[in-house]
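In: Below are the sequence and a predicted model; questions follow.
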Amino acid sequence: MPAFKAACIQITSKTDVHENLKTATELIREAAAEGANFIGTPEVTNMLEPHKAAAREKAQLQNDDVTLASFRQLADELDTWILAGSLVIKKPNEDRLANRSFLIRPDGSIAAQYDKIHMFDVELDTGESHKESRAYAPGDKAVIAQTPWGQIGLSVCYDVRFAHLYQALAQAGAGIFTIPAAFTHTTGLAHWEILLRARAIENGAYVIAPAQCGQNSEKRRTYGHSMIINPWGEKIAEMGEETGFITADIDTDQIKRRRQQIPNLKNNRDFTFEPAIYDATAAE
Ligand SMILES: O=C(O)CNC(=O)[C@H](CS)NC(=O)CCC(=O)C(=O)O
């Protein structure tokens, strides 16, 4: 099966799980009505909760999570794949939460799940700081889902800054990457599009990147600009900073063609990792 229609849902998740679910559900229904058969939602679709204690209180074990249960029903009802970009999920026997992405099949079953590997622990010049690893336990496994359209590599947000993850996914066979996000407005403006397009170009892969947008909490503003990018690195759909959705046709033959034209994945070579360091400060 070479082609499908992908959609990215863009929302402003806040602290109310039921409100967030309601908004996401409406947009998923609209995207399905436009013929989308692969619909992605952003990172932390179920809650963007700035208070760790409150997040811990609200988060449910995977089997009890209402958003996941509801998306599974919706996938079945609408006969579409749904990527729950990520959901905040409680882990058994662990204080910290999981930032977990789920790929749901059109029959409502879970095809794959992935825990975000790279934690956003940063301090920006703007005074904004994030210590994701305090609230979340990082994953340590890359994940690929085999689908009728080939292999899809799962990732989340800050992962996009770690090029070797995507290279590993591509080398293992993935030709489509999902990169749901809640990029900060500041770093989004500077880096979001370039990072996404770089991952597509480096690997000759499609990138499907549904994003959070707007004012999620008093201190948290996200960049939006959900995007779908083809294996040549071109944006084939893009949003602004408003709530809504985009769709684009994904033609998996393009992955093959791009990788034939520029076989950089095959031209990859092993080299001595230890660099030769010459002392250029010393005089002859
Ligand atoms: O905190 C939560 O509840 C949900 N998690 C997020 O929103 C995460 C960690 S704060 N956001 C990012 O990774 C943004 C990365 C980014 O903006 C960049 O790489 O520049």
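Out: Arrived safely, thanks for sending.
In: Skipping adjacent residues, who's closest to residue 249 in space?
Out: Nearest residue to residue 249 in three dimensions, chain neighbours excluded: residue 5, at 5.6 Å (CB to CB, 6 or more residues apart in numbering). In this view, the C-beta of every residue, glycine as well, is placed from N, C-alpha and C.
In: same deal with residue 198?
Out: Nearest-residue entry for residue 198: residue 163, 7.3 Å, with adjacent residues in sequence omitted and distances by CB to CB, 6+ apart.
In: Phi and psi next, for that neighbour.
Out: Dihedral angles of residue 163 (phi, psi; degrees, to the nearest 10) stand at phi -60, psi -30.
In: Verify the stated contact: it with residue 199.
Out: Yes: contact between residue 163 and residue 199 holds when scored by CB atoms under 8 Å: they sit 6.9 Å apart.
In: More neighbours: those two, which one.
Out: Legend: neighbour count by other CB atoms under 10 Å for residue 163 and residue 199, higher for residue 199 (28 against 13).
In: Those residues of this protein touching the ligand, which are they?
Out: By the rule CB under 6 Å from any ligand atom, the part of the chain lying against the ligand is 43-44, 48, 120, 130, 132, 157-158, 161, 182-184, 187, 191.
In: Could you pick out the buried ones from those residues?
Out: The neighbour count (16 or more other CB atoms under 10 Å) marks 43-44, 48, 120, 130, 132, 157-158, 182-184, 187, 191 as buried among these.
In: picking up where we left off before, next step: the residues of the chain next to the ligand restricted to helices.
Out: Residues of the residues of the chain next to the ligand located in helices (DSSP state H): 132, 187.
In: Dump the residues of the chain next to the ligand to JSON lines, plus pLDDT.
Out: Shown next, in JSON lines, are the residues of the chain next to the ligand (pLDDT from 0 to 100):
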{"residue": "43", "pLDDT": "98"}
{"residue": "44", "pLDDT": "98"}
{"residue": "48", "pLDDT": "98"}
{"residue": "120", "pLDDT": "94"}
{"residue": "130", "pLDDT": "91"}
{"residue": "132", "pLDDT": "93"}
{"residue": "157", "pLDDT": "98"}
{"residue": "158", "pLDDT": "97"}
{"residue": "161", "pLDDT": "98"}
{"residue": "182", "pLDDT": "98"}
{"residue": "183", "pLDDT": "98"}
{"residue": "184", "pLDDT": "97"}
{"residue": "187", "pLDDT": "96"}
{"residue": "191", "pLDDT": "98"}
